[in-house]
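K.L.:
Provided below for reference: sequence and predicted model.
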Amino acid sequence: MKYINKLRAAFSGLFYSLQSDQSFQQQILLGGLVIPLVIYFCSPLKQAELFFLVASFVHILTTELQNSSLEATLNHLHPEQHQAVGLSKDLAASAVLVAGMFFFFVVGSIILTRLI
């Protein structure tokens with residue numbers, strides 16, 4: 001029962017993000033546009049290419065969830081502006097940026113192999 005409650009809580013957080021977290025929704029939209037285009041224009045994809053394409057996108061979603069979680073907690077605990085809180089939020093946002101850069105590196109690598 002303990003694991004079912006944990007799983008329920010995890011899905012609750014995911015559904016909340018899908019319904020209410022604008023950044024998470026934008027990431028879903030971006031991946032929902034880019035991934036099918038890459039698959040369409042670069043097919044057939046090798047198994048490793050498809051793996052890295054999906055894994056790098058999942059990495060963006062994971063870091064976005066962590067970023068949103070950290071921001072919500074910091075906003076609740078420290079609603080007024082503070083330099084350390086701002087830095088923490090910036091660092092979490094940077095993790096999403098790095099994940100996004102990796103995703104576009106993967107996309108670019110797949111496209112470049114078709115052009116060369």
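P.N.:
It's in.

K.L.:
Of all the residues in the host helix or strand of residue 76, which ones are buried?
P.N.:
Residue 76 is part of helix 47-77, with elements assigned from DSSP states H and E. Under the neighbour-count criterion of 16 or more other Cβ atoms under 10 Å, helix 47-77 has 49-50, 52-53, 56-57, 59-61, 63-65, 67-68, 70-71, 74 buried. C-beta coordinates here come from the backbone N, C-alpha and C atoms, glycine included.

K.L.:
and it, what's its mean pLDDT?
P.N.:
Mean pLDDT, helix 47-77: 97.

K.L.:
May I ask you to name the longest helix in this structure?
P.N.:
helix 83-115 (DSSP state H).

K.L.:
Now do that helix: which elements does it pack against?
P.N.:
Counting by 3 or more Cβ pairs under 8 Å, 6 or more residues apart in numbering; DSSP states H and E, the packing neighbours recorded for helix 83-115 are helix 22-42, helix 47-77.
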